[in-house]
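Undergrad: here's my sequence, what's the structure:
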Amino acid sequence: MPHPEPEHKQLSPINPIELHDDDDDELILSLSPVKLQRLPHLTDYLSQLPTHNNPLEHNPFYHPSDGFYITPSDVILRQIVYDLPAAGASSGPSSAFHRAGPRRHILFEPSSIKAAIVTCGGLCPGMNTVVRELVLALWDLYGVRQIFGIKAGYRGFYSTNPIQLDPKLVHNWHKNGGTVLETSRGGFDLHKIVDAIQNRGYNQVYIIGGDGTMRGAVEIFHEICRRKLKIGVTGIPKTVDNDVGIIDKSFGFQTAVEMAQQAINAAHVEAESAVNGIGLVKLMGRSTGHIALHATLSSRDVDCCLIPETEFYLEGKGGLFEFMEQRLRENGHAVLVVAEGAGQDIIPRNEAQKQERDESGNPVFLDVGQWLKSELKNWWSRDHPNELVTVKYIDPTYMIRAVPANATDNLYCTLLAHSAIHGVMAGYTGFVPGPINGNYAYIPVEEVAKAKNVVNTRDHKWAWVRSVTSQPDFNRT
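TA: Presented below is the predicted three-dimensional model:
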């Protein structure tokens with residue numbers, strides 16, 4: 001069968017429409033042109049690849065009808081909210097991405113597929129679910145029988161033997177936290193990894209990991225392109241911190257917020273049960289405070305939320321100590337939530353600590369929770385030597401990371417896995433599947449690897465946090 005027109009072609013921009021009154025009830029909206037983000041495809045460097053009819057056409061679980069298969073004109077807009085008067089004056093085109101889902105024709109004959117699945121980086125609720133759903137969808141939807149799990153992260157490609165996966169083996173994996181495939185940080189040796197992929201005959205590679213892992217996936221994708229290999233590469237973004245950009249959220253985040261609330265509840269009970277009790281909870285969030293923010297809004301028992309996106313100070317007017325004293329005087333107790341990346345610039349450290357890096361090359365953070373606990377106790381004993389105070393510090397980090405995904409995240413993981421498989425089967429490569437404005441799209445992995453999702457402290461959600469906690473803005477006057 002001849003190769004169809006590649007689905008990664010740019011679509012023509014949408015012509016702007018003049019804004020005018022059509023009648024008393026309607027306005028015609030003038031939108032900027034829409035630029036469709038180019039998506040890498042195997043035919044970019046391999047010509048005359050044969051195509052095959054999608055086996056879903058004859059799958060007993062599906063009844064393809066009009067609209068079932070995704071076409072090149074199915075796109076997802078990145079921006080869906082517009083200021084009507086300003087829409088026509090926009091300086092540049094809006095972005096759009098190819099919609100995720102099954103294509104009518106695929107570039108892989110299922111009996112020839114040899115798929116590899118690897119989990120990298122730290123733990124996150126849902127990792128086992130993604131692996132399970134990849135295996136089941138490859139097996140049941142596309143008839144793939146050669147599916148392999150790479151153990152111990154990136155280094156497992158060249159240092160360990162893979163394990164063969166099938167639906168029976170992975171049947172209950174989604175009920176367990178962690179990753180049965182095991183994971184590790186570091187160990188990224190590009191040429192050893194791609195040599196192993198090539199030598200073992202893998203032609204589909206599914207990489208599950210965070211931002212560092214996605215940067216590695218970019219390098220693997222480029223090396224495979226350079227060698228002109230018919231190997232599809234896709235990344236499935238995993239970060240419990242929800243700091244991956246472009247997509248609406250990363251899997252495991254909902255579960256993390258739910259578990260974080262349990263820690264906050266415990267801190268609240270401890271604080272209420274003591275004289276001048278302070279419950280201090282440290283939550284995950286190296287560069288972003290999404291877990292702390294959402295857990296604070298969900299709990300309503302938090303008096304102060306500290307995140308990496310906002311600076312704070314301890315002493316003086318408008319500082320943390322002044323606010324905590326006010327809360328203790330008013331309520332007799334207080335609950336303080338801090339993200340692990342908050343306050344790192346004000347924690348004293350020596351030169352060796354400033355230079356320290358982990359296996360992934362990230363700066364090693366000091367424990368802001370332990371530091372705050374010490375500072376709070378020292379402050380109270382200094383300024384109120386004759387009064388009791390109790391500071392209970394809770395760090396639920398490993399409890400949160402290690403739990404199974406909740407129902408919402410389990411469903412999300414399934415949709416991510418299916419979207420990834422449909423894209424690779426269609427010949428796309430070097431991409432990430434994920435929801436944009438609630439609809440699943442394919443995004444170039446290079447874009448995802450460099451994009452960050454930080455808390456916007458000028459938007460309504462952060463204002464909501466401050467209205468719930470009544471905490472100061474920590475701007476020195």
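Undergrad: for the stretch 151-300 of the chain, which segments count as strands?
TA: Using DSSP state E, counting those that start in this stretch, the strands of the stretch 151-300 of the chain run over 163-164, 204-209, 232-237, 277-283.
Undergrad: what is the shortest one packed up against?
TA: I take that to be strand 163-164. Counting contacts by 3 or more CB pairs under 8 Å, 6 or more residues apart in numbering; DSSP states H and E, strand 163-164 packs against strand 146-150. For glycine as for every other residue, the C-beta is placed from the backbone atoms N, C-alpha and C.
Undergrad: tell me the strands beside the strand it packs on, with direction?
TA: Take DSSP bridges as the rule and strand 146-150 pairs in its sheet with strand 114-119 (parallel), strand 163-164 (antiparallel).
Undergrad: most tightly surrounded among those?
TA: Most buried of these by mean neighbour count (mean count of other CB atoms under 10 Å) is strand 114-119; its value is a mean of 25.
Undergrad: check the separation of the first and last residues in stretch 315-323.
TA: Stretch 315-323 has its terminal residues 10 Å apart, counting by CA to CA, to the nearest Å.
Undergrad: flag every buried residue along that stretch.
TA: 319, 320, 321, 323 (16 or more other CB atoms under 10 Å).
Undergrad: ok, the first one to residue 257 distance?
TA: When you say that, I think you mean residue 319. For residue 319, the distance to residue 257 equals 28 Å [CB to CB, to the nearest Å].
Undergrad: the third one now?
TA: When CB to CB is the yardstick, residue 321 and residue 257 sit 28 Å from each other.
Undergrad: quick one: stretch 410-418 to chain centroid distance?
TA: Here stretch 410-418 is found 13 Å from its chain centre; the criterion is CA atoms, centre = their mean, to the nearest Å.
Undergrad: so who does residue 148 touch?
TA: Residues near residue 148 by CB atoms under 8 Å, 6 or more residues apart in numbering: 114, 115, 116, 117, 162, 163, 164, 165, 200, 202.
Undergrad: what count of nearby residues applies to the nearest residue to it once chain neighbours are set aside?
TA: Once flanking residues are discounted, residue 148 sits nearest to residue 162: 4.0 Å by CB to CB, 6 or more residues apart in numbering. Residues within reach of residue 162, counting by other CB atoms under 10 Å, total 19.
Undergrad: does residue 162 really touch residue 116, like I thought?
TA: Yes: contact criterion CB atoms under 8 Å: residue 162 and residue 116 qualify, at 6.9 Å.
Undergrad: overlap in contacts of the two?
TA: Common neighbours of residue 162 and residue 116, counting by CB under 8 Å, 6+ apart, are 148, 149, 150, 200.
Undergrad: run a quick neighbour tally on residue 145.
TA: Residue 145 has 14 neighbours, counted by other CB under 10 Å.
Undergrad: so how far is residue 138 from it?
TA: Residue 145 is 9 Å from residue 138, by CB to CB.
Undergrad: what sits against residue 214?
TA: Residue 214 makes contacts with 207, 235, 237, 244, 432, 445, 448, 449, as judged by CB under 8 Å, 6+ apart.
Undergrad: which of those lies closest to residue 69?
TA: Among the contacts of residue 214, residue 432 lies closest to residue 69 (CB to CB), at 21.3 Å.
Undergrad: ok, now which ones touch residue 231?
TA: Counting by CB under 8 Å, 6+ apart, residue 231 touches 197, 198, 202, 203, 204, 205, 224, 429.
Undergrad: tell me the pLDDT at the fourth one?
TA: What the model reports for residue 203 is a pLDDT of 97.
Undergrad: surely it touches residue 114?
TA: Yes: the criterion here is CB under 8 Å, and residue 203 meets it with residue 114 at 5.7 Å.
Undergrad: overlap of the contact sets of the two?
TA: Shared contacts of residue 203 and residue 114 (CB under 8 Å, 6+ apart): none.
Undergrad: checking the residue in the chain sticking out farthest from the centre next. Helix, strand or coil?
TA: Outermost residue of the chain with respect to the C-alpha centroid, by CA atoms, centre = their mean, is residue 386; its distance is 47.9 Å. Assigned by DSSP: H, G, I helix; E, B strand; the rest coil, the conformation of residue 386 is coil.
Undergrad: residue ranges with poor pLDDT in the stretch 251-400 of the chain?
TA: Within the stretch 251-400 of the chain, the segments meeting pLDDT under 70 span 360.
Undergrad: go again with 50.
TA: Applying pLDDT under 50 to the stretch 251-400 of the chain picks out no residues at all.
Undergrad: what do you get for the stretch 1-150 of the chain?
TA: Along the stretch 1-150 of the chain, segments meeting pLDDT under 50 span 1-19.
Undergrad: can you map out the helices along it?
TA: Under the criterion DSSP state H, counting those that start in this stretch, helices of the stretch 1-150 of the chain are mapped to 84-87, 127-142.
Undergrad: for the last one, packing partners?
TA: The reference is to helix 127-142. Helices and strands touching helix 127-142, by 3+ CB pairs under 8 Å, 6+ apart, are strand 114-119, strand 146-150, helix 167-170, strand 204-209, helix 407-425.
Undergrad: which one, of the helices of the stretch 1-150 of the chain, ends up nearest to residue 471?
TA: Shortest distance between residue 471 and the helices of the stretch 1-150 of the chain, using CB to CB, is found for helix 84-87: 33.1 Å.
Undergrad: circling back to that earlier point, save the contacts of residue 148 as a markdown table, and put in distance to residue 374 too.
TA: Below are the contacts of residue 148 laid out as a markdown table (distance: CB to CB, whole Å):
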| residue | distance to residue 374 |
| --- | --- |
| 114 | 54 |
| 115 | 50 |
| 116 | 47 |
| 117 | 44 |
| 162 | 47 |
| 163 | 46 |
| 164 | 51 |
| 165 | 48 |
| 200 | 51 |
| 202 | 50 |
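Undergrad: tell me the one of those nearest residue 69?
TA: The closest of those, once distances to residue 69 are taken by CB to CB, is residue 115, at 21.9 Å.
Undergrad: ok, that closest one to residue 430 distance?
TA: Residue 115 is 16 Å from residue 430, by CB to CB.
Undergrad: again with residue 263
TA: Using CB to CB, we find residue 263 at a distance of 38 Å from residue 430.
Undergrad: kindly report the same for residue 169.
TA: Separation of residue 169 from residue 430 (CB to CB): 29 Å.
Undergrad: burial of residue 129, as a residue count?
TA: There are 26 residues near residue 129, going by other CB under 10 Å.
Undergrad: check residue 167 too.
TA: 13.
Undergrad: so how far is residue 470 from the closest residue to residue 324 other than its chain neighbours?
TA: For residue 324, ignoring the flanking residues on the chain, the nearest one in space by CB to CB, 6+ apart is residue 334 at 5.6 Å. Residue 334 sits at a distance of 11 Å from residue 470 (criterion: CB to CB).
Undergrad: quick one: which of the two has more around it?
TA: Higher neighbour count among residue 334 and residue 470: residue 334, with 27 against 11, using other CB under 10 Å.
Undergrad: how about the contacts made by residue 207?
TA: Residues counted as contacts of residue 207 (CB under 8 Å, 6+ apart) are 118, 120, 213, 214, 216, 217, 220, 233, 234, 235, 236.
Undergrad: same question, residue 166
TA: 135, 139, 147 are the contacts of residue 166 under CB under 8 Å, 6+ apart.
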